[in-house]
Structures are given as C-alpha cells and as structure tokens.
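Undergrad: need a structure here:
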Amino acid sequence: MQASSPRLHVGYPSPAIPHDVVRVPDGYSHLASFKYRLWFIWYIWPTGYRMGSTESPPWLALVCGADADGDLWCWEDADETCIQEFAIEELRNVEDLALDSFPQMPLVYWDDASRALEARQSRPTASAGLLAHLTPQNRLRFIAWLIVAGPMRKAQIPRRGDFRSLIKRWGTYMSLHSTDESFAEICTICRVSHFLATWVETMLKVYLLDDLRSIPWYHACGCWEKRLYAVSHSGYRGTAPRRLEKDSAALRVLYELVVSPWPLLLWVNFRTVANDRTDHLQEFLDILRGPDDNLFARDEDDDSDLYRILVKADGRLGLYPSDWSQFMVEIDLRTWLQISNMTWIVSRPRHGSYENIKIRLVDGYSPTPISADNILAPLDIHFVVNNFPITSMARVTYYGERTALESRSGDFWASMNLETWLSTRSRNICYAVWHNSALVSVVDRIKCMHLVLNALPQNLVTYAYYLIMRMQHSDWHNRYRFV
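TA: Residues are numbered from 1 along each chain as shown. Model prediction:
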C-alpha cells in the first residue's frame with residue numbers, strides 16, 4: 001500500500017494572521033528576497049530560537065562553505081514562498097495567534113547572515129543546484145534534514161545509533177504528522193514511526209533505496225525495515241533523479257550516518273600507506289579479517305572519544321576532514337556497513353596507556369609516525385618530533401627489521417649522540433620482542449614493547465641492555481671505549 005504524504009499542521013484560518021510574518025531589520029533591506037531562507041536556518045538551529053542560546057549558527061559555513069560544493073545553500077528562489085507558508089502555519093500553532101509571539105531572528109544574526117550571503121554572491125556562478133529538480137516543499141524538507149543530520153549533529157556531538165533521534169528532531173522541526181493509518185500509532189520503542197513515511201519519501205527524491213538500507217537501525221522495533229519493505233513493494237522504480245558527485249554535501253551527510261570514525265581512520269591510514277597497491281579494499285578487508293583483528297576492534301568508548309575530538313574542529317561543515325571524506329566515498333555504503341559490523345564489539349579490553357590512539361594507529365600498519373601525523377593533523381593531534389619509542393615500535397612492526405645502525409660497529413659505541421644511542425637500543429629491544437614466538441598476537445607484542453619502552457624507566461632499561469651487550473662482547477668492546 002502506498003503511504004500518503006504527511007502534511008504540515010494546519011490550524012483554523014484566522015484573518016488576524018498577516019501574510020508577511022518575518023521582519024527584516026532596518027539596514028538589511030537588501031536581504032528581503034532571501035529573508036525566509038535565512039530565517040529558516042536560524043529557526044531550526046538548536047542553539048538559536050529553540051534553545052534560548054545566544055550562540056549563532058555557523059552562517060559562513062552553512063551559506064558559503066569552503067568551496068562551491070561545501071555548503072548547504074541548495075535553495076531556489078521559489079523556496080521563499082514555500083517557507084513563508086511554513087512560517088504562517090507555525091504562527092497558527094501559537095495559542096494567542098499574535099505576531100509578537102512569532103519567533104523573529106535577532107539583529108546580530110541578520111548581520112552574520114548578511115556577511116555570509118555576500119561572501120557567497122562574490123563567488124563565480126555555480127552550476128545548476130543540487131536539489132533544483134525537487135518541488136519547493138521537498139527541497140525545504142531535504143535541506144532541513146541536511147542541516148539536522150550534518151552540522152547540527154556535529155555541534156551536539158554525534159553518537160552511535162543517533163539516527164532515530166535525528167529523525168525525531170527533523171520531524172518535530174518540520175511540524176509533520178502522518179495520515180497513513182498503518183503508521184498512525186506511534187511506536188513506543190523508536191517513537192518516530194509517524195515520521196518515517198515522509199522522511200523516506202523525501203530522501204528517495206535524492207538517494208537510492210539501497211543507500212537508505214545501509215543506514216543502521218539499533219532499535220528492537222521493526223518500523224524501519226517495515227517502511228523500507230513497504231516502499232520496495234509499492235512500485236518504486238529504484239533510480240535517483242540525479243547522480244550525486246562524490247564531493248557533494250548530500251552524499252557526505254549520508255555517508256556520515258553510516259561510517260563510524262574508527263573504521264574510517266583505519267581506512268585513511270591504510271590508503272595513505274598502501275597508495276601503490278592495486279586492490280586496496282580487498283587487502284584492507286583481509287587485514288580486518290586476519291588473526292590480529294582485535295587490533296582494529298572498537299566499542300562505544302572508542303567512537304565517543306573520536307567523536308569528541310572530531311567536533312572540536314572549527315570552520316569545517318562536515319564531521320570528517322575533507323581528505324578523509326575523499327577516501328571515505330571510495331567504498332560503497334553497504335561495504336562500510338559490513339566493515340562497521342566487523343570491527344564492532346560491545347566492550348573492548350583496555351591495556352592502560354597502550355590504548356593511546358596514536359600508538360594504535362601507528363602500530364597497525366604505518367611505517368613511521370609521519371604518515372599518521374599527517375592523517376591526524378586536522379584533529380590537532382600530533383606526534384612529538386623524534387619520539388623514538390613510537391618510531392621504534394612503528395619501524396619494527398611495519399618492516400620487521402633491526403635498526404640500520406649496528407651496535408657492533410665502532411662508530412656506534414664512539415658516538416656522543418645520546419638520542420641516536422637510545423633510539424637504536426629501543427629499536428633493537430622492539431625487534432627482540434616482535435620476533436619472540438611466545439607472544440602470538442600483534443596486540444600482545446605491541447603491549448610488551450610499550451611496557452618495556454614506557455612503563456619502565458627508559459634509561460634503566462637501556463642501560464641494562466647496554467650492560468648485557470658489554471658482557472657478551474667485552475673483548476670487542478675494549479677496543480671501542482664508550483665515554
């Protein structure tokens with residue numbers, strides 16, 4: 001059965017309601033033809049009208065963006081009238097039906113919005129709009145979703161399984177309700193069943209049904225599957241009206257709902273290191289399925305830690321850095337869902353300071369901290385220059401080789417460079433641990449290396465190793481007196 005389209009709440013007609021409800025402050029008359037679109041962005045932003053906060057929406061990022069495809073300004077001129085009708089319906093829902101009760105955007109926000117719009121208009125004319133093929137009502141709903149699921153989700157710190165809460169927020173902001181009798185009863189588990197019909201119908205104007213199937217649903221009810229099943233058996237033709245470019249905001253927002261940060265970080269790290277491989281994805285999947293799969297496992301705490309780091313980045317509209325997003329869209333959504341399930345565990349055992357994200361990343365498959373440093377740079381996470389414990393662990397785990405500087409050489413023992421001496425000693429210790437057959441898994445070997453190099457006093461370990469070497473090679477060592 002085809003679900004009827006939900007509609008906006010409509011109150012009783014009232015002649016007291018004016019036709020033009022959004023006021024433009026003095027000095028901003030040049031925004032008159034954009035006022036409803038600008039007002040709508042402020043209206044649904046959670047730190048604006050609805051939360052009583054003075055924090056402004058990220059106008060420059062939302063309206064202008066870093067490039068032509070980096071913003072969410074997908075409006076058309078016809079949307080002014082559509083949003084005007086929406087605003088009038090919102091006023092009808094106010095009890096006293098007085099214009100003074102209508103939420104007006106504060107003056108400071110008009111100033112920020114004006115600057116952002118001027119920056120956008122100064123750019124070269126872009127091609128046809130991403131959503132130009134939609135009706136104004138569907139475009140209004142879709143842009144509202146891009147804001148809610150994109151920058152608004154980022155501003156409120158994403159979490160695993162927040163798809164349901166995003167739909168609830170979107171449906172509430174859009175004042176939607178369902179007229180479909182089969183979904184008239186609100187599910188007591190997900191509490192968004194009455195929004196799903198409109199949401200799916202709107203999304204299918206831009207996305208494929210298979211794309212929507214990749215969005216994980218972490219609730220015991222069958223509302224999500226039931227809605228998708230109903231669409232697939234209702235004569236749905238299965239083709240999107242327009243192919244989405246890989247750098248489009250619409251595709252990025254969809255991917256961010258499916259792709260968790262830790263699997264993406266692993267993929268970006270792998271692609272950076274293995275850029276000369278032919279079949280990147282298959283080799284990556286083989287590594288995840290390998291005997292050391294626990295090295296790549298994640299749980300709720302891992303995702304939460306990374307989400308908190310990601311949202312700190314200012315000026316970026318998307319959740320992930322642009323370099324990460326380019327690698328992210330190389331893998332289709334269904335495979336990402338598979339990767340997510342492969343790497344997820346309910347609770348991952350911790351091993352003290354070994355759990356540092358830099359160490360986990362480097363000792364996965366990076367030959368040096370340099371590549372990992374470049375990957376983590378957008379998150380403001382950096383390795384200490386010449387951090388020889390991490391460098392030693394990375395070189396040994398990736399290449400499986402000793403240091404190039406042999407401790408048997410006279411040049412080594414005659415060197416006055418303490419840093420070189422300590423680095424060489426630590427790398428040889430890591431080599432011995434790495435090739436110890438008693439330690440089977442990668443995780444166990446990395447734990448042991450990290451313990452030896454960090455948990456115990458570095459100088460004590462190094463000096464003890466030096467004494468052993470001295471006793472074993474006393475005759476040879478007497479010829480090269482180390483000062």
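
Undergrad: and this structure, what are its domains?
TA: Residue ranges for the domains of the chain, per automatic domain parsing: 7-232, 259-356, 388-477.

Undergrad: ok, now how distant is I215 from V253?
TA: 11 Å (C-beta to C-beta, to the nearest Å). Where C-beta positions appear, they are placed from N, C-alpha and C, glycine not excepted.

Undergrad: do R334 as well
TA: Look at R334 and V253: by C-beta to C-beta, they are 18 Å apart.

Undergrad: and R123, by the same measure?
TA: 22 Å.

Undergrad: V231 now?
TA: Distance, V231 to V253, using C-beta to C-beta: 20 Å.

Undergrad: picking that back up, out of R334 and V253, which sits in the more crowded spot?
TA: Shown here are R334 and V253; by other C-beta atoms under 10 Å, V253 has more neighbours (21 against 13).

Undergrad: quick one: contacts for the more buried one?
TA: Listed by C-beta atoms under 8 Å, 6 or more residues apart in numbering, the contact set of V253 reads 145-146, 149-150, 318.

Undergrad: for it, give me the pLDDT.
TA: pLDDT, V253: 94.

Undergrad: same check, this time on L244
TA: For L244, the model assigns a pLDDT of 86.

Undergrad: next, G290: phi, psi?
TA: Per-residue torsions, G290: phi -70, psi -180 (degrees, to the nearest 10).

Undergrad: pretty sure A144 contacts M174?
TA: Yes - applying C-beta atoms under 8 Å as the test, A144 and M174 come out as touching, 5.9 Å apart.

Undergrad: burial count for L176?
TA: Neighbour count of L176, defined by other C-beta under 10 Å: 20.

Undergrad: any idea what it is bridged to?
TA: With DSSP bridges as the criterion, L176 is bridged to L8.

Undergrad: how close does it sit to W199?
TA: With C-beta to C-beta as the criterion, L176 and W199 are 9 Å apart.

Undergrad: what's the answer for G65, then?
TA: When G65 is compared with W199 (using C-beta to C-beta), they lie 25 Å apart.

Undergrad: got any ranges where the stretch 351-483 of the chain has weak pLDDT?
TA: In the predicted model of the stretch 351-483 of the chain, residues 351-425, 434, 436-447, 450-483 satisfy pLDDT under 70.

Undergrad: swap in 50 and give it another go.
TA: For the stretch 351-483 of the chain, the stretches flagged by pLDDT under 50 are 353-354, 365-370, 383-390, 392-393, 396-405, 475-477, 479-483.

Undergrad: also the stretch 151-300 of the chain?
TA: In the predicted model, the stretch 151-300 of the chain carries pLDDT under 50 at residues 178-183.

Undergrad: what about 70?
TA: Checking the stretch 151-300 of the chain against pLDDT under 70 turns up 177-184, 237-241, 275-278, 292.

Undergrad: now the helices for it?
TA: Counting by DSSP state H, counting those that start in this stretch, residue ranges of the helices within the stretch 151-300 of the chain are 153-155, 163-173, 193-203, 209-213, 223-232, 249-258, 261-273, 280-289, 300-310.

Undergrad: looking at these, spot the one closest to L91.
TA: Smallest distance to L91 across these (C-beta to C-beta): 15.3 Å, for helix 163-173.

Undergrad: what angle do helix 249-258 and that closest one make with each other?
TA: Helix 163-173 and helix 249-258 meet at an angle of 130 degrees, taking axes from the mean of the first three to the mean of the last three C-alpha atoms, to 10 degrees as the criterion.

Undergrad: now do helix 163-173: which elements does it pack against?
TA: If you count contacts as 3 or more C-beta pairs under 8 Å, 6 or more residues apart in numbering; DSSP states H and E, helix 163-173 packs onto helix 136-147, helix 193-203.

Undergrad: what do you get if the cut-off is 10 Å, keeping everything else the same?
TA: Counting contacts by 3 or more C-beta pairs under 10 Å, 6 or more residues apart in numbering; DSSP states H and E, helix 163-173 is packed against helix 35-44, helix 136-147, helix 153-155, helix 193-203, helix 223-232, helix 249-258.

Undergrad: now render those as JSON lines, adding distance to S29.
TA: Putting these into JSON lines (distance: least, C-beta to C-beta, whole Å) gives the following:
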{"stretch": "helix 35-44", "distance to S29": "10"}
{"stretch": "helix 136-147", "distance to S29": "24"}
{"stretch": "helix 153-155", "distance to S29": "31"}
{"stretch": "helix 193-203", "distance to S29": "34"}
{"stretch": "helix 223-232", "distance to S29": "45"}
{"stretch": "helix 249-258", "distance to S29": "30"}
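
Undergrad: many thanks, I have nothing further to ask.
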